[in-house]
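[1] Sharing a model that was predicted from the sequence below.
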Amino acid sequence: MGDLVSAIDTLAVKTSGAFDRTVVGVICPPEGFISIPTELKEEITTTGKRMEDYPLVPVAYLGNVQVKVSGEGGAIQSGDLIVPSSVAGVGMKGEPETFPQYASVIGKARESFSGDEGLIWVSLGVK
């Protein structure tokens, strides 16, 4: 729970490096999985399969969730932008002047953090 993930060839995989542009969301508890992608709904409807027939990973892309973060980008303050770090699946503080033009911002920190690695609440999709 809390890992930053990318969508690669229809699979949810941990982000691959600092400022990973392919990040799409955060692995969250099953109760956080609030929607089914349209393509999957169509496939279920046309084939008669069930949700249990698919290897789904609950990924949040909007809302408030706990995210794994590290101190790689410096101490995080509430309101700081969170971007993928060099550690797979872990976010860090990002400042627009320090990251590449097309780096993906996953959201904004809702609380402060200092240390090596931990979980903090982040508002996803808020930039």
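    Nice, I can see it.
[2] C-alpha only now, for contacts and for neighbours.
    Will do.
[3] what kind of secondary structure is residue 26 in?
    Secondary structure state of residue 26, per DSSP: H, G, I helix; E, B strand; the rest coil, is strand.
[4] For residue 93, see how far away it is.
    From residue 26 across to residue 93, the span is 16 Å (C-alpha to C-alpha, to the nearest Å).
[5] Neighbour count: those two, which is higher?
    residue 26 (29 against 24; other C-alpha atoms under 10 Å).
[6] Would you mind naming the residues that bridge with the more buried one?
    Under DSSP bridges, the beta-bridge partners of residue 26 are residue 4, residue 60.
[7] got a list of what it touches?
    1, 2, 3, 4, 5, 59, 60, 61, 65, 67 (C-alpha atoms under 8 Å, 6 or more residues apart in numbering).
[8] got the end-to-end distance for stretch 95-110?
    Start-to-end span of stretch 95-110 (C-alpha to C-alpha) is 16 Å.
[9] Can you list the neighbours in contact with it?
    Here stretch 95-110 has contacts from 19-25, 76-84, 94, 120-127, using C-alpha under 8 Å, 6+ apart.
[10] Quick check: the nearest residue to residue 3 once chain neighbours are set aside vs residue 95, distance?
    Counting by C-alpha to C-alpha, 6 or more residues apart in numbering, residue 89 is the residue found nearest to residue 3 once chain neighbours are left out, at 4.5 Å. Relative to residue 95, residue 89 is positioned 19 Å away (C-alpha to C-alpha).
[11] who has more neighbours, those two?
    Set residue 89 next to residue 95 and count neighbours by other C-alpha under 10 Å: residue 89 wins out with 25 against 13.
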